[in-house]
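Undergrad: have a look; sequence and predicted model below, questions after that.
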Amino acid sequence: MKVLVVGSGGREHALCWKLTQSPLLGRLFCAPGNAGITEVADCVPIAADDVAGLVAFAVAEKIGLVVVGPEVPLVAGLADRCHEAGIRVFGPAAAAAALEGSKGFMKDVVARAGVPTAWYGRFRDVDSAKAFIREKGAPIVVKTDGLAAGKGVVVAMTLDEALRAVDDMMGDKVFGSAGDELVIEEFLDGEEASFFALCDGTTAVPLVAAQDHKRVGDGDTGPNTGGMGAYSPAPVFTAELEAEVLRTMVLPTVKAMAEMGRPYTGVLFAGLMIGANGPKLLEYNVRFGDPECQVLMARLKSDLLPVLLAAATGKLGTADPLEWSDETALVVVMAAEGYPGTYRKNTVIGGLHAAGQVPGVTVLHAGTARNAAGEVVATGGRVLGITALGATVAEARDRAYTAVDRLQWPAGFCRRDIAWRAMER
Ligand code: AMP
Ligand code: GLY
């Protein structure tokens, strides 16, 4: 079977790396991919949000399955256009991708399905948003309804901060039309975890959980990023919690979406806050997490391709159970100096081969390309994901940082404390 993976980050490199291990795979394409992905797939220069270009390529190449990495093309209807063209696709149609594309929609769905989550209000004008904030008090959380590249959330510890967020998002439209509507919700305290399940429209199969590190600096300090590192298993996420999240969140959501005529297929990423009163849902994403996907793929022992196909074709109910390594997988993200602010591009990265020689380590690329001289250069903010498996979290972490120290890339940096919560436990 020919497979097309859409995207260019570490998540997509992890998916491609895992798919090449499938005996069912004929040829693997990735659009647009990166320098690391070219080693395992044929990269085609079509942007991940060029829906028409991707569908035309899939039709011309008779692609057997399109696997969509990022949320933007899903929200824009890539899966719908694939269905219309008779191409099988792993990822939700736009009507279901609204679970990530509209936070207000998501909150309405889960509230109606009885999923444990923060209380909330939806607002289309500044005055009523501010009145709600004054009534509820701080701490409180202000979110843009629409996609804002992961930046449209302000966790306001004071009333002033919350009111200012309303002015920025809705008054000044700093995130454009994403701020036409706001969701204002209860501040939840606890420990965050990411849980993943595959869905086929009517049922769901659990994957495993991971924890990531969203802040840029050691000790969880500094601005938010897309994620600076992750590990799985997440010791906070016990088997009991998994069963509870599946029963009280994932399955009721899949049922509610089907009843609304918006069947959910693909991977459902539940962002959880695990507090004193049990787990609560922070958000859904309609894709794998990045860098969580890197550690999930490192731990998955089963063939990935048949289960993605089963999800895409409504056949998860008869799919073989998935097998996972008991080892810990950990990924350290290497970012370009300056990220998540402005950073330099096209700095040369050396030592990649030596890093990949450390036992248990796989070097996954995110923002990389090759220059005219054939050297690997950094092209994005998050650039590499040094992924390691180990018998313990300490071993995985030592292996990953041993590999990091073999890189020659002065313009890059990483956090030095990935998995500190798991190490403390
Ligand atoms: P989101 O894009 O909804 O995942 O929000 C980004 C981050 O904001 C989350 O990973 C949390 O750290 C934080 N966050 C979002 N919603 C809440 C909430 N209701 N209470 C506390 N923190 C939150
Ligand atoms: N690492 C968090 C995300 O992918 O949204």
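TA: All right, it came through fine. Ligands and ions are numbered 1, 2, ... in the order given.
Undergrad: now the most centrally placed residue in the chain: phi and psi?
TA: Nearest to the mean C-alpha position of the chain, by Cα atoms, centre = their mean, lies Gly289 at 1.8 Å. Note on Gly289: backbone dihedrals following degrees, to the nearest 10 are phi -80, psi 150.
Undergrad: looking at it now. What's its pLDDT?
TA: Looking at Gly289, its pLDDT is 97.
Undergrad: now it: how far from Pro70?
TA: Going from Gly289 to Pro70 by Cβ to Cβ, to the nearest Å gives 11 Å. No exception for glycine: its C-beta is placed from N, CA and C like everyone else's.
Undergrad: overlap in contacts of these two?
TA: Jointly contacting Gly289 and Pro70 under the rule Cβ atoms under 8 Å, 6 or more residues apart in numbering are Arg11.
Undergrad: Asp108 is in contact with Thr253, correct?
TA: No. Thr253 is beyond contact range of Asp108, at 11.7 Å (criterion: Cβ atoms under 8 Å).
Undergrad: higher neighbour count, these two?
TA: A count of neighbours by other Cβ atoms under 10 Å puts Thr253 above the other of Thr253 and Asp108, at 24 against 15.
Undergrad: that one: which element?
TA: helix 251-259 (DSSP states H and E).
Undergrad: kindly export that helix (C-alpha atoms) in PDB.
TA: Backbone C-alpha positions of helix 251-259 (Å, rounded to 0.1, in the frame of the first residue of the first chain) are rendered in PDB as follows:
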ATOM      1  CA  LEU A 251     -16.400   7.100  24.800                       C
ATOM      2  CA  PRO A 252     -19.200   9.600  25.600                       C
ATOM      3  CA  THR A 253     -17.600  12.100  23.300                       C
ATOM      4  CA  VAL A 254     -17.400   9.600  20.400                       C
ATOM      5  CA  LYS A 255     -21.100   8.700  21.000                       C
ATOM      6  CA  ALA A 256     -22.200  12.400  21.200                       C
ATOM      7  CA  MET A 257     -20.300  13.200  18.000                       C
ATOM      8  CA  ALA A 258     -21.900  10.300  16.100                       C
ATOM      9  CA  GLU A 259     -25.400  11.300  17.400                       C
END
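Undergrad: please shift the residue numbers so they start at 43 in all later answers.
TA: Sounds good: first residue 43 from here, last item helix 293-301.
Undergrad: which elements pack onto it?
TA: helix 136-143, helix 145-154 (3 or more Cβ pairs under 8 Å, 6 or more residues apart in numbering; DSSP states H and E).
Undergrad: tell me the most buried of those?
TA: Of all the helices and strands packed on helix 293-301, helix 136-143 has the most neighbours on average by mean count of other Cβ atoms under 10 Å, namely a mean of 23.
Undergrad: pLDDT of that helix, averaged?
TA: For helix 136-143, mean pLDDT rounds to 97.
Undergrad: would it count as contacting ligand 1?
TA: No. Helix 136-143 stays clear of ligand 1 (Cβ under 6 Å from any ligand atom), getting no nearer than 9.1 Å.
Undergrad: skipping adjacent residues, who's closest to the closest residue to ligand 1 within the stretch 343-467 of the chain in space?
TA: Per Cβ to the nearest ligand atom, the residue of the stretch 343-467 of the chain with the smallest distance to ligand 1 is Pro382, at 13.2 Å. Closest residue to Pro382 in three dimensions, ignoring its sequence neighbours and counting by Cβ to Cβ, 6 or more residues apart in numbering: Thr267, at 4.7 Å.
Undergrad: quick check: that neighbour vs ligand 1, distance?
TA: With distances taken as Cβ to the nearest ligand atom, to the nearest Å, Thr267 is found 11 Å from ligand 1.
Undergrad: who are the contact partners of that residue?
TA: Per Cβ under 8 Å, 6+ apart, neighbours of Thr267: Lys256, Arg257, Val258, Ala377, Tyr381, Pro382, Gly423, Arg424.
Undergrad: do you know the pLDDT at it?
TA: On the pLDDT scale, Thr267 gets 91.
Undergrad: quick one, phi psi at it?
TA: Per-residue torsions, Thr267: phi -130, psi -180 (degrees, to the nearest 10).
Undergrad: got the residues of this protein near ligand 1?
TA: 160, 183, 192, 195, 197, 227-230, 234, 256, 313, 324-325.
Undergrad: so which of the residues you listed comes closest to Glu203?
TA: Nearest to Glu203, judged by Cβ to Cβ, of these is Val197 at 8.7 Å.
Undergrad: now whatever helix or strand that closest one lives in: buried residues?
TA: Using DSSP H and E, the element containing Val197 is strand 195-198. Within strand 195-198, the residues scored as buried using 16 or more other Cβ atoms under 10 Å are Val195, Val196, Ala198.
Undergrad: give me the next element, helix or strand, following it.
TA: helix 201-208.
Undergrad: export the helix or strand that that next one is followed by to CSV, keeping only CA atoms.
TA: Next along the chain after helix 201-208, taking DSSP H and E as the criterion, comes strand 224-228. Extracted C-alpha coordinates of strand 224-228, given in CSV (Å, rounded to 0.1, in the frame of the first residue of the first chain):
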residue,chain,number,x,y,z
LEU,A,224,-14.0,33.8,23.5
VAL,A,225,-14.4,30.9,25.9
ILE,A,226,-13.9,31.9,29.5
GLU,A,227,-13.5,29.0,31.9
GLU,A,228,-12.7,27.8,35.4
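Undergrad: so what strands line up beside strand 224-228?
TA: Here strand 224-228 has these sheet partners by DSSP bridges: strand 162-165 (antiparallel), strand 182-186 (antiparallel).
Undergrad: which residues make contact with the strand holding Val197 from outside it?
TA: Contact with strand 195-198 is made by Ala180, Pro181, Ile182, Val183, Val184, Lys185, Thr186, Glu203, Ala204, Ala207, Met211, Phe229, as judged by Cβ under 8 Å, 6+ apart.
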